[in-house]
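K.L.:
from the sequence below, what's the structure:
(4 chains)
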There are 2 protein chains.
Amino acid sequence: MPEFDETFSAQFRPGSPVKGSKTGEPIMALFDLIGRRWSMGILWNLAKQDRTFRDLQASCDSASPTVLNTRLKELRAVGLVEKTANGYSLTTNGRELFEKLEPLGEWAKSWTKTL
Amino acid sequence: MPEFDETFSAQFRPGSPVKGSKTGEPIMALFDLIGRRWSMGILWNLAKQDRTFRDLQASCDSASPTVLNTRLKELRAVGLVEKTANGYSLTTNGRELFEKLEPLGEWAKSWTKTL
DNA sequence: GCAATATGCTACAAAAAATGTAGCGATGCA
DNA sequence: TGCATCGCTACATTTTTTGTAGCATATTGC
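P.N.:
Next comes the predicted model:
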């Protein structure tokens, strides 16, 4: 498990109110985590296949290495992503979360047509 | 339909690459929209019941009125949320999206226990 | 071996987004 | 008519995200 440090977003630093939610509702805490730029994109792309840092960057609209690295640290800290010999991959937990996210893919397709 | 204006986040302003995704994948465009602070929280809370601006603010960890208003404009602009006589509510489309989001609630509960 | 290239990341400055707070106009109701 | 509440905007401050440069460590070609 990686160490927490000052590169984490404020709510994920040690001592922050449990996982960022003032109301204490788990769903709001989760939204706080994955509702950040690139978090869901990272999960989505890692689910399709393990990725190196570079691959991941390319598949995430060229997000800057700075955020990408921050997001990866956060996701690793909560046990959704892990670092492997040749890059990053989802943990069992991460894969579980992805399964809940997956239905959004189909929906998104029909949604963009309405715009 | 509300008018686009400079209070929108950069990718949602007129002329921006279709809905913010460089890769053009619908899912990334969706993530770009809902992966912003409070977007999912707003959808989640509106799904439970229609809300006034004030209620919504309270149910979203007291998000500042500034962002709340920006998010609501964005969500209205893409037809997920609508303004009613006494507040805000989800459109049919919004409700559809919520259904895809709903399974996250249960998952979040068990997830917080692992932290 | 050893330069050339690629990869994973950090530093740091600049831009953009979120926050907090004050306050204004409209509506409700006493 | 006076006072409270609501929905929202203005604006200054703080946090995040971005962009770019660059450095250390593999990896490749020769």
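K.L.:
ok, residues contacting the strand or helix carrying residue A:54?
P.N.:
Element membership of residue A:54, judged by DSSP states H and E, is helix A:53-59. Helix A:53-59 has contacts (C-beta atoms under 8 Å, 6 or more residues apart in numbering or on different chains) with A:41-42, A:45-46, A:51, A:63, A:65, A:68-69, A:72, A:87-88, B:23. Where C-beta positions appear, they are placed from N, C-alpha and C, glycine not excepted.
K.L.:
how does it look with 6 Å?
P.N.:
A:45, A:68 (C-beta atoms under 6 Å, 6 or more residues apart in numbering or on different chains).
K.L.:
is DNA strand C contacted by it?
P.N.:
Yes. Under the criterion of C-beta under 7 Å from any atom of the strand, DNA strand C is reached by helix A:53-59 at A:53, A:54, A:55.
K.L.:
so where is chain A shaky, pLDDT-wise?
P.N.:
Chain A contains residues with pLDDT under 70 at A:1-24.
K.L.:
and the residue nearest the centre of it?
P.N.:
Chain A has residue A:39 as the residue nearest its centroid, 3.1 Å off, counting by C-alpha atoms, centre = their mean.
K.L.:
so it versus residue B:48, what's the distance?
P.N.:
From residue A:39 across to residue B:48, the span is 24 Å (C-beta to C-beta, to the nearest Å).
K.L.:
give me every residue that touches the closest residue to residue A:75 other than its chain neighbours.
P.N.:
Leaving aside its chain neighbours, residue A:75 sits nearest to residue A:81 (4.0 Å; criterion: C-beta to C-beta, 6 or more residues apart in numbering or on different chains). Residues in contact with residue A:81 (C-beta under 6 Å, 6+ apart) are A:75, A:88, A:94.
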